[in-house]
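1. Give the three-dimensional model of this entry:
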Amino acid sequence: MLSFIATDAKVSQPILQLMTQEIADESFNTITVDGDTSTNDSFVIMATGRCGQSEIDNTADPRYAQLKALLGSLALELAQAIVRDGEGATKFITIEVQNAKTREEARKVAYAVAHSPLVKTAFFASDPNLGRLLAVVGYAGIEDLDVDALKMWLDDVLVAENGGRAESYTEEAGQAVMN
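-> Below you'll find the model as predicted:
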């Protein structure tokens, strides 16, 4: 993957480097297709400074957040295109982890789900196998995981809560989401 974004904004090199890392962490560094990484993967943002405005030289500058949001949305679109174009890809799935103690815990859970061959098989076959989904969260490496506090949704269908299957869950609702 080689990704290049160019802007005419005038941004100091240290601030552009910080912005590039933040954007990469929120886009390209959050996707997976097969769990492998390439030693050739590169993401570059270039700023020519030709816009005629003063330089963005700190993160408190309101233009920093605005530029980061614009370039970040473009990077996310490109990153998602990699997943959508993945060899053999038939579905695009977003995994959202909420209320984790740290960002690292959230990443561990998300990648455990995303990298699991059994979860991928379940989604490919449109099989709402809750055991597979819950099992990977359990082995994600979260030391003090409270399974009784865990809630899991497939889209807007609550599938698990209080340490087990959600009382309101039906196979039909899970199947509809998986389809």
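2. From now on I want contacts and neighbour counts done on CA atoms only, so please keep to that.
-> Noted.
3. distance from the centroid: which residue in this protein tops it?
-> For the chain, the residue at maximal distance from the C-alpha centroid (CA atoms, centre = their mean) is Gly52, at 34.8 Å.
4. per-residue confidence at that one?
-> In this model, Gly52 is scored at 89, pLDDT.
5. I'd like the numbering to begin with 57 instead of 1 from here.
-> Let's use 57 as the start, then, which means that last one is Gly108.
6. hey, where'd the helices end up in this protein?
-> Assignment of helices within the chain using DSSP state H yields the ranges 69-82, 118-140, 159-171, 173-180, 186-194, 227-234.
7. any idea which of these scores lowest on pLDDT?
-> helix 186-194 (a mean of 86).
8. dump the residue contacts of Lys207.
-> Contact partners of Lys207, counting by CA atoms under 8 Å, 6 or more residues apart in numbering, are 214-218.
9. In strands, which of those residues fall?
-> Judged by DSSP state E, the contacts of Lys207 include 214-217 as members of strands.
10. Of the contacts of Lys207, which count as buried by neighbour count?
-> Buried members of those, counted by 16 or more other CA atoms under 10 Å: 214-217.
11. related to what we said a few turns ago, select, from the contacts of Lys207, the two members most distant in space.
-> Leu214 and Asn218 (11.5 Å; CA to CA).
12. residues contacting Ile151?
-> 166, 169-170.
13. can we see that at 10 Å?
-> Ile151 sits next to 86-87, 162-163, 165-167, 169-170, 209-211 when contact means CA atoms under 10 Å, 6 or more residues apart in numbering.
14. ok, now Val89?
-> Counting by CA under 10 Å, 6+ apart, Val89 makes contact with 138-145, 148, 170-171, 176.
15. hang on, the earlier thing: closest one of the contacts of Lys207 to Asp202?
-> Checking the contacts of Lys207 one by one against Asp202 (CA to CA), the nearest turns out to be Asn218, at 9.5 Å.
16. In space, what's closest to that closest one - neighbours in sequence excluded?
-> Distances taken as CA to CA, 6 or more residues apart in numbering place Asp204 nearest to Asn218, at 4.3 Å, with adjacent residues excluded.
17. Please apply the same query to Phe148.
-> Leaving aside its sequence neighbours, Phe148 sits nearest to Arg140 (CA to CA, 6+ apart; 6.2 Å).
18. Burial check on the one you found, number of neighbours?
-> 16 (other CA atoms under 10 Å).
19. for Val165, same thing?
-> Neighbour tally, Val165, other CA under 10 Å: 21.
20. so who does it touch?
-> So Val165 contacts 151-153, 156, 192-198 (CA under 10 Å, 6+ apart).
21. Just the buried ones among those, please.
-> Among those, the ones that count as buried by 16+ other CA under 10 Å are 151, 192-194, 196, 198.
22. What's the local residue count around Thr226?
-> What Thr226 shows, counting by other CA under 10 Å, is a neighbour count of 13.
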